[in-house]
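Asker: Return a 3D structure for these sequence lines:
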Amino acid sequence: MLKKSMEKALNRQLNREFESSYLYLSMSAWLESKSLVGMAAWMRIQTLEEMDHVMRFYNHIHQRGGSVKFEAVPAPQATWKSPLAVFEGALEHERKISRSIHQLVDLGVKDGDHPTQSFLQWFVAEQVEEEATADEIVSQLKLVGNSGSGLLLLDQTLGARKVEPEGE
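Answerer: Next up is the predicted model:
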């Protein structure tokens, strides 16, 4: 059984994951409007991953006897100065989500909630991967600079990303 404080914190994170999905979909739309269809496709996959995260929290809350509480999702940013700004925003967002996950782990430790601590370890590892990937793309975009051909090559590379089956 979840303590009310943990249930509230997990619901807050579930809703942050919705916000993440919404943000990445907005980033995808902006990139597509700039004819960067590979980067847009990459962001759409991010959107799907974030919805998977929502469902992981949803299931954990229910499995532990809690109640899911949905909140309004604020409208995400809709425009950026450049593809670099998009991915810098994604990196900063992932860092914010990592801090939020770490706070949940700390609450689980404080409350002695071993099942939730175990559940959250997947997210701790996932956030390391998410930050590293976004950071790598930011670095590549900085290397490319204003090179149109470099940007198109990176767009093509990012567009090759495929949806990975759950559990991989």
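Asker: His102: what's it in contact with?
Answerer: Val124 (Cβ atoms under 8 Å, 6 or more residues apart in numbering). From N, CA and C alone the C-beta is placed, and that goes for glycine too.
Asker: quick one: it from Ala29, how far?
Answerer: Distance of His102 to Ala29, given as Cβ to Cβ, to the nearest Å: 30 Å.
Asker: And Leu91, which helix or strand is it part of?
Answerer: helix 83-111 (DSSP states H and E).
Asker: nope, Lys81 is what I was after
Answerer: Going by DSSP H and E, Lys81 is not part of any helix or strand.
Asker: Now do the contacts for it.
Answerer: Per Cβ under 8 Å, 6+ apart, neighbours of Lys81: none.
Asker: Ramachandran coordinates for it?
Answerer: When read as degrees, to the nearest 10, the backbone of Lys81 gives phi -70, psi -30.
Asker: and it, how far is that from Glu88?
Answerer: In terms of Cβ to Cβ, Lys81 sits 10 Å off from Glu88.
Asker: Over to Val105?
Answerer: Taking Cβ to Cβ, one finds Val105 at 26 Å from Glu88.
Asker: Can you list the buried residues in stretch 6-26?
Answerer: 6-7, 9-11, 13-26 (16 or more other Cβ atoms under 10 Å).
Asker: those helices in the protein, which residues are they?
Answerer: With helices called from DSSP state H, the chain shows them at 4-33, 37-63, 83-111, 114-144, 148-159.
Asker: so can I have JSON lines of those showing mean pLDDT and distance to Phe70?
Answerer: Shown next, in JSON lines, are those (pLDDT from 0 to 100; distance: least, Cβ to Cβ, whole Å):
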{"stretch": "helix 4-33", "mean pLDDT": "98", "distance to Phe70": "7"}
{"stretch": "helix 37-63", "mean pLDDT": "98", "distance to Phe70": "10"}
{"stretch": "helix 83-111", "mean pLDDT": "98", "distance to Phe70": "17"}
{"stretch": "helix 114-144", "mean pLDDT": "98", "distance to Phe70": "19"}
{"stretch": "helix 148-159", "mean pLDDT": "96", "distance to Phe70": "31"}
